[in-house]
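>>> make a model of this:
(chains A and B)
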Amino acid sequence: ETGVTQTPRHLVMGMTNKKSLKCEQHLGHNAMYWYKQSAKKPLELMFVYSLEERVENNSVPSRFSPECPNSSHLFLHLHTLQPEDSALYLCASSPQGLVSTDTQYFGPGTRLTVL
Amino acid sequence: AQKITQTQPGMFVQEKEAVTLDCTYDTSDQSYGLFWYKQPSSGEMIFLIYQGSYDEQNATEGRYSLNFQKARKSANLVISASQLGDSAMYFCAMREGAYSGYALNFGKGTSLLVTP
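As a prediction, this is how the structure comes out:
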């Protein structure tokens, strides 16, 4: 496997379910990100981890809970979601994190539908 | 205030022709990075090209080039010799200096359709 991978690619869940999204990067990067892409809205940054420490949390509801057990893996735990949480969730990684030259490389995304 | 503006919701171009996708940005930082990404219908966000604010020459990557006009705060993407596989959404993004956080600020995107 190369680059950034995400599983599952598609997920349908009810509002009372608990599920997790997984992201894995094979690039040796130090920073990992979760973004949300809703229809007709720009990508929104949700969480950032740098060297396994959460460094940014952009006012995301507590029903989204990130976890970064090591620098290669990132999870997004979901519980009691709302239909408006249906979106494409993109994971990204970058070499360093806090520099303007740092290129973020994205995974293929998980398309989430909340019923 | 929006940091990245892409004014073209949709563009058409004929195969083998060149196309320019517009992007303007807003920042007061001296150090920043500008990025273009391609997103096909499959959803993956593919990095295309990067331009640093201190780079004096326009960035080029194969058929992609970035027309960087710093005084006008403009970073247009030029795709030469368009191919059918170039049909996708294209996003301009900016990363500001170290004290402005980790976020890539994305524009709303331009949908490009390449026709035979």
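>>> so where is the chain shaky, pLDDT-wise?
This is for chain A. A:1 (pLDDT under 70).
>>> the chain in question should be chain B.
In chain B (pLDDT under 70), the answer is B:1, B:98-100.
>>> residue of it closest to chain A, please.
B:M45 (3.7 Å; Cβ to the nearest Cβ). The C-beta positions use only the backbone N, C-alpha and C, and glycine is treated the same way.
>>> so who does A:L51 touch?
A:L51 makes contact with A:30-31, A:71, according to Cβ atoms under 8 Å, 6 or more residues apart in numbering or on different chains.
>>> circling back: the closest residue to the residue of chain B closest to chain A other than its chain neighbours: how many residues sit nearby?
The spatially closest residue to B:M45, leaving aside those adjacent along the chain, is A:F106, at 3.7 Å (Cβ to Cβ, 6 or more residues apart in numbering or on different chains). By other Cβ atoms under 10 Å in any protein chain shown, 24 other residues sit near A:F106.
>>> got a list of what A:F106 touches?
For A:F106, the contact set (Cβ under 8 Å, 6+ apart) comprises A:4, A:35, A:90-92, B:37, B:44-47.
>>> same check, this time on B:K73
Contacts of B:K73 by Cβ under 8 Å, 6+ apart are B:24-27.
>>> and B:Q83, by the same measure?
B:15, B:114.
>>> how about A:P108?
A:P108 touches A:5-6, A:9, B:42-44, counting by Cβ under 8 Å, 6+ apart.
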